[in-house]
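> can you look at this prediction? I've put the sequence above it.
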Amino acid sequence: TILVSEELTPAMLGEVPTDKLRAMVSVKGSSNSHVAILARAMGIPTVMGAVDLPYAQLDGKDLIVDGYRGLLFSNPNDELREQYNAIYEEEQALAEDLEGLIHQPAETLDGHRIPLWVNTGLITDALRSRDRGAEGVGLYRTEVPFMMKDRFPSESEQQEIYREQLETFSPDPVTMRTLDIGGDKALTYFPINEANPFLGWRGIRVTLDHPEIFLVQVRAMMKASEGLNNLRIMLPMVSNVSEVDTALHLIYRAHVETLEEGFNVEMPQVGVMIEVPAAVYQISDLAQRVDFLSVGSNDLTQYLLAVDRNNPRVADLYQAFHPGVLQALKRIVDEARAEGKPVSVCGELAGNPMGAVLLMAMGYDCLSMNATNLPKVKSVLRGISREWAENLLNEVITMESGEVIASTLQLMLEKAGFGRIIGPNVGA
Ligand code: PEP
Ligand code: MG
């Protein structure tokens with residue numbers, strides 16, 4: 001079945017039996033929308049932002065969905081079918097080849113090792129990620145299970161959900177992000193209506209205004225980690241140091257309460273997401289307060305470029321390799337290193353093989369990505385040297401145009417023999 005809809009929601013992904021779902025098409029949204037990120041994690045080809053699509057007329061028709069190029073063909077002729085069958089078989093063969101890498105480390109030809117972690121949300125992601133050789137979870141999007149419910153899950157319900165994640169990856173670390181709703185992530189039972197939702201009440205802004213939601217969640221996480229102690233807590237959408245101070249205060253309080261209730265849990269590591277431009281200029285102030293930093297490049301790109309990640313009309317302007325974005329990413333890692341704090345990237349850029357090469361060259365300590373792309377990224381990193389990646393970074397970081405940077409990266413990786421892995425136009 002191909003699911004065609006005016007608007008896709010994360011809840012829909014939870015309802016449709018995934019073994020029957022082969023592709024998805026949505027009139028609204030873009031490839032950076034949250035539902036697109038979840039679909040990518042599930043390995044389901046998806047086309048978003050098909051603005052003028054007469055979607056109501058497609059019922060029962062044969063369709064081809066090309067998720068690489070964002071194309072949809074209805075009633076394809078034999079020639080096109082054959083062409084896409086060949087691409088599909090090639091993809092299957094590549095996936096089988098990459099399976100051999102599961103137990104191999106992500107290490108460059110000159111011996112530089114960079115841990116590859118995974119982003120999760122649904123429990124199926126977690127199981128799939130384990131099978132794909134992830135060494136930890138760099139981002140567990142806790143809002144996903146909240147979106148699947150019709151009311152706030154209780155502390156004990158949350159504890160059970162989090163325990164499953166922590167157990168699946170134990171002894172490897174699991175980074176749980178506190179509830180990140182707002183923007184394009186809505187809870188039906190907690191409506192937020194705003195003119196500019198991405199500039200509004202999002203992420204930590206909501207949970208600090210509702211400390212009862214924050215405390216319940218953090219306590220549930222801590223209780224779930226008893227005996228495993230592989231929990232890390234991460235704060236989304238931070239734009240002021242005072243938010244970190246208040247959140248840390250609440251986290252310490254939750255820890256004390258959890259101990260008082262008789263749970264024997266260690267204080268987890270706490271980290272801050274860097275996804276708002278102001279945070280880029282306060283890396284050292286933020287780093288001094290926490291144990292780690294993680295760059296949310298999806299939002300950072302949207303805010304640096306002033307391009308709504310969910311709006312198909314400006315999707316062409318959302319350039320992952322925009323020079324301004326690359327300069328910001330470089331600055332973040334340099335400043336975090338100066339403070340001696342580990343820094344990772346958990347936005348989609350880390351799971352783009354071309355992005356991963358640049359981030360590794362910049363000096364990021366760890367990359368966290370969707371399970372689908374992890375074997376591809378590992379294969380590319382194992383096939384290059386760090387020196388080669390640094391030369392490539394030095395070359396592209398001086399360029400003026402994101403489009404030129406993306407096509408240069410595409411060309412260089414194709415030349416190095418990775419054309420089959422990166423596929424067509426992945427940077428676009
Ligand atoms: C990001 O913004 O890059 C990120 C990882 O968070 P999300 O995509 O869930 O907003
Ligand atoms: Mg974000």
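Alright, I've got the coordinates. Ligands and ions are numbered 1, 2, ... in the order given.
> give me the phi and psi for Glu261.
phi -80, psi 0 (degrees, to the nearest 10).
> residues near it, how many?
10 (other C-beta atoms under 10 Å). C-beta: built from backbone N, CA, C; applies to glycine.
> what's it in contact with, if anything?
Lys223 (C-beta atoms under 8 Å, 6 or more residues apart in numbering).
> roughly how far does it sit from Ala220?
12 Å (C-beta to C-beta, to the nearest Å).
> ok, Asp285 touching Val241?
Yes. With contacts counted by C-beta atoms under 8 Å, Asp285 reaches Val241, the gap being 5.2 Å.
> quick check: Glu414 vs Pro424, distance?
10 Å.
> report how many residues lie close to Glu257.
Neighbours around Glu257, by other C-beta under 10 Å: 15.
> which secondary structure element contains it?
Using DSSP states H and E, Glu257 maps to helix 241-260.
> what of Gly419?
With DSSP H and E as the test, Gly419 turns up in helix 419-422.
> try Ser294
Assigned by DSSP H and E, Ser294 belongs to strand 292-295.
> who touches that strand?
So strand 292-295 is contacted by 138-139, 175, 232, 234, 269, 271-275, 283, 286-287, 329, 332, 336, 341-347, 364, 368 (C-beta under 8 Å, 6+ apart).
> re the thing from before, what's in contact with the helix holding Gly419?
By C-beta under 8 Å, 6+ apart, helix 419-422 touches Glu90, Leu94, Pro353, Met354, Lys376, Ser379, Val380, Gln410, Leu413, Glu414.
> can you put these in TSV and add pLDDT and secondary structure?
What follows is those, written out as TSV (pLDDT from 0 to 100; DSSP: H, G, I helix; E, B strand; the rest coil):
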residue	pLDDT	secondary structure
Glu90	90	helix
Leu94	91	helix
Pro353	96	helix
Met354	97	helix
Lys376	95	helix
Ser379	97	helix
Val380	97	helix
Gln410	95	helix
Leu413	97	helix
Glu414	96	helix
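> near ligand 2, from the residues you listed?
Applying C-beta under 5 Å from the ion, the subset of the contacts of helix 419-422 adjacent to ligand 2 is empty.
> three-state assignment of the residue nearest to Phe321 when sequence neighbours are not counted?
With sequence-adjacent residues excluded and distances taken as C-beta to C-beta, 6 or more residues apart in numbering, Phe321 is closest to Ile405, at 4.2 Å. Three-state call for Ile405 (DSSP: H, G, I helix; E, B strand; the rest coil): helix.
> Ile405 touches Glu395, doesn't it?
No. Applying C-beta under 8 Å, one finds Ile405 not in contact with Glu395, separated by 9.3 Å.
> who has more neighbours, these two?
Ile405 (25 against 13).
> so who does that one touch?
The neighbourhood of Ile405, defined by C-beta under 8 Å, 6+ apart, consists of Phe321, His322, Pro323, Leu326, Val396, Met399.
> only whichever of the residues you listed are buried, select them in ChimeraX.
Buried members of the contacts of Ile405 can be picked out in ChimeraX with the line below, counting by 16 or more other C-beta atoms under 10 Å:
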select :321,322,323,326,396
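> looking at the contacts of Ile405, spot the one nearest ligand 2.
Of all these, ligand 2 sits closest to His322, with 17.1 Å by C-beta to the ion.
> which residues touch that closest one?
Here His322 is in contact with Thr301, Leu304, Leu305, Gly402, Ile405 (criterion: C-beta under 8 Å, 6+ apart).
> those: which ones sit near ligand 1?
Applying C-beta under 6 Å from any ligand atom to the contacts of His322, one finds that nothing falls near ligand 1.
> now the two most distant members of those.
Leu304 and Ile405 (14.7 Å; C-beta to C-beta).
> so what touches stretch 183-202?
Applying C-beta under 8 Å, 6+ apart, the contact partners of stretch 183-202 are 10-11, 29, 33-34, 143, 146-147, 149-152, 180-182, 206, 209, 236-237, 302, 308-310.
> please repeat the previous calculation with a cut-off of 6 Å.
By C-beta atoms under 6 Å, 6 or more residues apart in numbering, the residues outside stretch 183-202 that reach it are Ser33, His34, Glu143, Phe146, Asp150, Arg151, Ile181, Gly182, Met237, Asn310.
> still on that earlier bit, now render the contacts of helix 419-422 as CSV, adding distance to ligand 1.
Listed next are those as CSV, based on distance: C-beta to the nearest ligand atom, whole Å:
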residue, distance to ligand 1
Glu90, 29
Leu94, 26
Pro353, 17
Met354, 17
Lys376, 19
Ser379, 23
Val380, 21
Gln410, 22
Leu413, 22
Glu414, 27
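> got the residues of the protein near ligand 1?
Ile37, Leu139, Arg141, Asp180, Glu275, Gly296, Ser297, Asn298, Asp299, Cys346, Gly347.
> try it again at 5 Å.
Residues of the chain lying near ligand 1 by C-beta under 5 Å from any ligand atom: Glu275, Gly296, Ser297, Asn298, Asp299, Cys346, Gly347.
> appreciated, that's everything.
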